[in-house]
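In: Sequence unavailable; structure follows:
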Ligand SMILES: Nc1nc2c(ncn2[C@@H]2O[C@H](COP(=O)(O)OP(=O)(O)OP(=O)(O)O)[C@@H](O)[C@H]2O)c(=O)[nH]1
Ligand SMILES: [Zn+2]
């Protein structure tokens, strides 16, 4: 059911993008950046800024490239049958996202665990799932949930746990200006939600400092 929701949300986003795509050209986007520069009191024709609209549009498209990806594509079939009941944890996955309120960076990392139920996923695909959702305009809570929901839908595991720790540039460089503040969000499914000991094991594994660091 959750997977069906996720897929229908992805389809809705894809449909919106298809409708929107012909309406806004790269040139129009560049013009919008040029307008912003003028609004900021700059001269968009001075040497240093001449190519800035082009660069900004390219950078923003890169930072939101997750809209053009799908779970199917990134998985490339890397779901395998495996009989194991032990926790799989991929931790310290770097995240670079953008907040949807200010389009400013969210910098952080994700820790993702699941307990299989007959199926495992290629380890790199866990990081790729995080990457796909991070490379969209986000709020941290939704990003965290989307990662958990994707794994839940793909693997139907005994449980999924996702913790995201991030700092928001909109809270650091502007607004309330609190450098050093971190936001921690979590999404727990199945045994991680129901069983305190499993959740505790996960929490202690993500706090543990590996010897190779
Ligand atoms: N819950 C949540 N809030 C976020 C996230 N990123 C940014 N925000 C918040 O979104 C809110 C938007 O509030 P507004 O009052 O509309 O915007 P603002 O005037 O720019 O707010 P300030 O940042 O307080 O100056 C702010 O409190 C941000 O801190 C996020 O990932 N999750
Ligand atoms: Zn923000």
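Out: Alright, I've got the coordinates. The structure presented is a predicted model; accordingly, all values stated were derived computationally and were not measured. Numbers count the residues shown, from 1 in each chain. Ligands and ions are numbered 1, 2, ... in the order given.

In: contacting residues around residue 66?
Out: 131, 132, 133, 134, 135, 136 (Cβ atoms under 8 Å, 6 or more residues apart in numbering). C-beta: built from backbone N, CA, C; applies to glycine.

In: Apply 7 Å and report the result again.
Out: The contact partners of residue 66, by Cβ atoms under 7 Å, 6 or more residues apart in numbering, come to 132, 133, 134, 135, 136.

In: Filter these down to the buried ones.
Out: Buried residues within those, counting neighbours by 16 or more other Cβ atoms under 10 Å: 132, 133, 134, 135, 136.

In: Show me what from this structure comes close to ligand 2.
Out: Counting by Cβ under 5 Å from the ion, the chain comes close to ligand 2 at 99, 101, 102, 170.

In: In TSV: those residues, plus secondary structure.
Out: As requested, these are arranged in TSV below (DSSP: H, G, I helix; E, B strand; the rest coil):
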residue	secondary structure
99	strand
101	coil
102	coil
170	helix
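
In: Which of those residues has the largest number of neighbours?
Out: residue 99 (18 neighbours; other Cβ atoms under 10 Å).

In: What's the separation between that residue and residue 83?
Out: According to Cβ to Cβ, to the nearest Å, residue 99 and residue 83 sit 41 Å apart.

In: Pretty sure residue 117 sits against residue 154.
Out: No - assessed by Cβ atoms under 7 Å, residue 117 is found out of contact with residue 154, at 11.5 Å.

In: Counting neighbours, go ahead and name the busier of these two.
Out: For residue 117 versus residue 154, the count of surrounding residues by other Cβ under 10 Å is larger for residue 154: 20 against 16.

In: any idea how far the more buried one lies from ligand 1?
Out: Distance, residue 154 to ligand 1, using Cβ to the nearest ligand atom, to the nearest Å: 24 Å.

In: any idea which element that residue lies in?
Out: helix 140-155 (DSSP states H and E).

In: Distance-wise, check the residue nearest the centre of the chain relative to residue 180.
Out: Geometric centre of the chain, nearest residue: residue 134, 2.0 Å, by Cα atoms, centre = their mean. Counting by Cβ to Cβ, the separation of residue 134 from residue 180 is 22 Å.
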